[in-house]
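# no FASTA, just this:
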């Protein structure tokens with residue numbers, strides 16, 4: 001299953017190439033216009049410039065989407081780093097001397113509560129990134145749970161550096177998750193997608209009515225060009241939203257957060 005989900009673009013492009021070949025050889029070869037077969041209406045040399053221009057436009061749009069994707073790749077690692085820092089600040093809170101004279105300041109810190117809070121925050125972030133809707137009403141209240149740890153420490157006279165560190169890392173994590181939300185919500189401009197759809201339709205239509213010198217050239221060139229254009233289109237669509245759970249082979253790698261969660265579950269305040 002993982003093999004398939006990590007190669008969806010290849011499989012979809014391959015299916016499209018087979019479909020165009022099937023339509024051309026089993027449908028268009030039986031159609032004619034004023035005695036001229038549909039699949040022989042145009043010579044390949046007459047439309048080669050169109051294919052060249054289409055590849056150029058696809059290349060420009062691919063370069064544009066790569067910018068957001070490269071930025072997105074950094075987000076899971078930065079989130080994991082901030083979660084790791086918050087965990088270290090919690091360790092400091094247990095070791096540093098406490099101040100204050102209130103009853104809360106005399107109480108022992110609750111490791112079970114702090115462990116549960118960190119696990120809930122981490123699991124919530126992973127579930128939100130893997131969700132389809134990317135609901136802002138879920139993620140931002142979740143981030144505030146991290147500040148609840150800072151409030152918990154402030155009420156109990158914990159070292160101020162630990163409180164300040166937790167708030168700073170929480171704010172940094174909020175910025176990263178806001179950027180992830182923005183990338184996921186704000187897709188590439190619609191006119192650009194209209195252009196991609198138009199080019200793809202024109203190229204596929206021309207391939208269906210183009211004449212080749214031999215059947216082998218027909219099969220090879222038609223399938224190759226269809227495969228490449230469909231692959232480029234699906235790649236651009238996938239890179240445009242690297243946090244989309246349905247784009248298996250263009251998703252950002254969440255391994256840094258997953259590894260942090262494993263460490264958290266295994267040794268944090270056990």
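Received it, and whenever you're ready, just let me know what you need. Bear in mind that the values here come from a model prediction, so they are computed numbers and not experimental data.

# Show residues contacting stretch 77-92.
114, 118, 121-122, 125, 146, 149, 159, 161-162, 165-166, 169-170, 172-173, 176-177, 256-257, 259-260, 264, 268-269 (C-beta atoms under 8 Å, 6 or more residues apart in numbering). Every C-beta, even on glycine, is put in place using the N, C-alpha and C of the backbone.

# For stretch 52-65, buried residues please.
Under the neighbour-count criterion of 16 or more other C-beta atoms under 10 Å, stretch 52-65 has 54, 58, 61, 65 buried.

# As TSV, those residues with distance to residue 100, secondary structure and pLDDT would be great.
Formatted as TSV, those follow (distance: C-beta to C-beta, whole Å; DSSP: H, G, I helix; E, B strand; the rest coil; pLDDT from 0 to 100):
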residue	distance to residue 100	secondary structure	pLDDT
54	69	helix	87
58	63	helix	87
61	59	helix	84
65	53	helix	81
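
# Nearest residue to the middle of the chain?
Centroid-nearest residue in the chain: residue 242, 1.6 Å away (criterion: C-alpha atoms, centre = their mean).

# Look up how far residue 184 lies from it.
With distances taken as C-beta to C-beta, to the nearest Å, residue 242 is found 8 Å from residue 184.

# before we move on, back to that, and the residue nearest to the centre of the chain, its phi and psi?
Here is the backbone geometry of residue 242 (degrees, to the nearest 10): phi -70, psi -10.

# I figured it hits residue 251, correct?
Yes: under the criterion of C-beta atoms under 8 Å, residue 242 makes contact with residue 251 at 5.9 Å.

# Tell me which stretches of the stretch 1-150 of the chain form helices.
Using DSSP state H, counting those that start in this stretch, the helices of the stretch 1-150 of the chain run over residues 2-5, 8-26, 44-95, 103-106, 111-129, 136-155.

# Confidence-wise, which of those is weakest overall?
For these, the weakest mean pLDDT is recorded on helix 2-5, namely a mean of 43.

# From residue 18, how far off is residue 57?
Using C-beta to C-beta, residue 57 is found at 25 Å from residue 18.

# per-residue confidence for residue 247?
62.

# can you give me the angle the host helix or strand of residue 196 makes with helix 44-95?
Secondary structure from DSSP states H and E places residue 196 in helix 190-208. Helix 190-208 and helix 44-95 are oriented at 140 degrees to each other (axes from the mean of the first three to the mean of the last three C-alpha atoms, to 10 degrees).

# what inclination does helix 190-208 have with respect to helix 8-26?
Orientation check (the same axes, to 10 degrees): helix 190-208 against helix 8-26 gives 40 degrees.

# So which other helices or strands are in contact with helix 190-208?
Here helix 190-208 touches helix 8-26, helix 44-95, helix 215-240, going by 3 or more C-beta pairs under 8 Å, 6 or more residues apart in numbering; DSSP states H and E.

# Distance to residue 207 for these - can I get that in TSV?
Listed next are these as TSV, based on distance: least, C-beta to C-beta, whole Å:
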stretch	distance to residue 207
helix 8-26	6
helix 44-95	9
helix 215-240	5
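
# Residue 208 is nearest to which of those?
helix 8-26 (5.1 Å; C-beta to C-beta).

# quick one: the closest one to chain centroid distance?
Mean C-alpha position of helix 8-26 versus that of the full chain (C-alpha atoms, centre = their mean, to the nearest Å) differs by 26 Å.

# How about that helix, which residues are buried there?
Within helix 8-26, the residues that count as buried by 16+ other C-beta under 10 Å are 8, 9, 13, 14, 16, 17, 20, 21, 24, 25.
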